[in-house]
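Chemist: I would like to see how this sequence folds:
(one chain, ligands or ions: 1)
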Amino acid sequence: MLKLNQLSQQSRSKIKKGLLILPLVLIAIVVLSHNKDERKFVPLNIETSSAAVADDADAKVTHLVSVSVPTYSYTIKNGDSLSVIFSKLGISYKSLLSIMEEDLNHLSLDTLRPGNRLLFWINEQSGVLEKMQLKFNPADIVQYSRVEHGGYAFKDISIKGQWDTSALVGSVHGSFSKSAHKLGLSINEIRTITTLMKDKLNFTRDLRAGDKFSVVHKVQSVDGVETGSREIEAVKIFNRGRTISAFLHTDGQFYDENGESLQRAFMRYPEENHYVTSPFNPNRRHPVTGRLSPHNGTDFRAPVGTPVMATGDGKVIMIRNHPYAGKYVVLEHGSIYKTRYLHLSRILVKKGQQVKRGQRIALSGATGRITGPHLHYELLIRNRPVNPMTANIPMAESVPKNEMAKFATRRDNLIQMMKEEEVLLASQHHSQNNKPQESL
Ligand SMILES: [Zn+2]
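Modeler: Below is the predicted model of the structure:
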């Protein structure tokens, strides 16, 4: 018995040693290739996120055998760096730079979060990266595929998925956040509601236990799997004999029952001169390659040091220094809108900071790879760039007169949805309370 035990322990330690050697060899290869290429690493670290991080089994590089499927699949972890991932997979640093150059018009790489997946297709003969996909969730996917003369072409291959609209009815027990979470609302949805109504309701002081609230939201799924994308359409909170409500209009802004805005309107321009040097153009062609190279923002003439203003109330969600886009800031305005300000010389805000419309957030500059100083300004609706000069953004404090009929129809439909759910819930309560008592 004793001998057998010793034997099995020996073989186990042999296996362990073998397992230890493998990563050492890999590290050596990586280190050697560093020295050979004298690679410079781009500080493109993927930030820590509160979002769910993929399980351990997914968090390592998986080598896939079949040709029709990607050569590698990698799930982003906290603190990952793209240049390290590329290096580990033996993909040239030049390929990463080419992809980043193409990504200048989209900045999708910068939005990678832990749990997102990278898929790589590598040519077995040449070892060249043929295609890379960023899979943010089952619906949102972008792709960079190699083109003939070198370089990569960007393509958004996101799918619509299925959006289900439903009404939820709950009541406050403990904090509003806790009660809403229990009802099935996500952290983002709860934040949308509390930010929207902060001027009308003090969530910690005004709410009483038992106060009712109703919500209509849209939830996206692909093949029955939720993607994490959700959108609040309507909210009603009953508090001390009054009803506070919010309805999402087609302009992406929330209004109360009478069509008065709950959010401050946007400004059209992020700086004072309004002199456009290059307009938004989704069909722009690269002057040399002739390939589609969309201009997803509006360029303003701005000497270095020109004050840059937030075009709406919002929160700073990203500050970056990109080799091609330069120093830039991203603001989030509610759940629908984002704005981006590129090529800055100085950034005057911090990540996580709340900003007001018109607040100076930066000074313009000429950072990144550009020919002269200017401000590149982008407006994104549901993460898709739109023309900031012509988009139907909320500019007024109430629903415009000519849109009021449309707003009212939508509002009434949403109220009806919530009412039906409230009635259903009340009848369930009623039947529960009136159950025939069993005699003892
Ligand atoms: Zn531009």
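
Chemist: on the three-state scheme, whichever residue of the stretch 201-350 of the chain sits closest to the ion is what?
Modeler: Relative to the ion, the nearest point of the stretch 201-350 of the chain is Asp299 (4.1 Å; C-beta to the ion). C-beta coordinates here come from the backbone N, C-alpha and C atoms, glycine included. Following DSSP: H, G, I helix; E, B strand; the rest coil, we place Asp299 in the strand state.

Chemist: what's near enough to touch it?
Modeler: Val276, Thr277, Ser278, Pro279, His374, Leu375, His376, Tyr377 (C-beta atoms under 8 Å, 6 or more residues apart in numbering).

Chemist: gap between it and Gly228?
Modeler: 33 Å (C-beta to C-beta, to the nearest Å).

Chemist: one more: Ile190?
Modeler: 15 Å.

Chemist: so between these two, which is more surrounded?
Modeler: Using other C-beta atoms under 10 Å as the criterion, Ile190 and Gly228 rank with Ile190 on top: 21 against 18.

Chemist: buried residues in the host helix or strand of that one, which are they?
Modeler: Secondary structure from DSSP states H and E places Ile190 in helix 187-196. In terms of neighbour count (16 or more other C-beta atoms under 10 Å), helix 187-196 has its buried residues at Glu189, Ile190, Thr192, Ile193, Thr195, Leu196.

Chemist: okay, those in CSV with distance to the ion and pLDDT next?
Modeler: As requested, the buried residues of helix 187-196 are exported to CSV (distance: C-beta to the ion, whole Å; pLDDT from 0 to 100):
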residue, distance to the ion, pLDDT
Glu189, 33, 95
Ile190, 36, 96
Thr192, 30, 92
Ile193, 35, 95
Thr195, 30, 89
Leu196, 32, 90
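
Chemist: where does the stretch 151-300 of the chain dip in pLDDT?
Modeler: Counting by pLDDT under 70, the stretch 151-300 of the chain contains no low-confidence residues.

Chemist: which bits of it sit near the ion?
Modeler: Contact residues, the stretch 151-300 of the chain versus the ion (C-beta under 5 Å from the ion): Gly297, Asp299.

Chemist: quick one: the helices in the stretch 301-440 of the chain, in order.
Modeler: Using DSSP state H, counting those that start in this stretch, the helices found in the stretch 301-440 of the chain span residues 404-433.

Chemist: report the closest residue of it relative to the ion.
Modeler: Using C-beta to the ion, the closest approach of the stretch 301-440 of the chain to the ion is made by His376 at 3.4 Å.

Chemist: please parse this protein into its domains.
Modeler: Per automatic domain parsing, the structural domains of the chain span 25-156, 162-265+399-420, 276-386.

Chemist: nearest to His430, of the ones you listed?
Modeler: domain 162-265+399-420 (14.2 Å; C-beta to C-beta).

Chemist: first vs last residue of that closest one, how far apart are they?
Modeler: From its first residue to its last, domain 162-265+399-420 covers 23 Å (C-alpha to C-alpha, to the nearest Å).

Chemist: and the residue positioned nearest the centre of the chain, its phi and psi?
Modeler: Residue closest to the average C-alpha location in the chain (C-alpha atoms, centre = their mean): Thr111, at 6.5 Å. For Thr111, the backbone dihedrals (degrees, to the nearest 10) come out as phi -100, psi 0.

Chemist: thinking again about what came up before, what subset of the contacts of Asp299 is buried?
Modeler: Buried among those (16+ other C-beta under 10 Å): His374, Leu375, His376, Tyr377.
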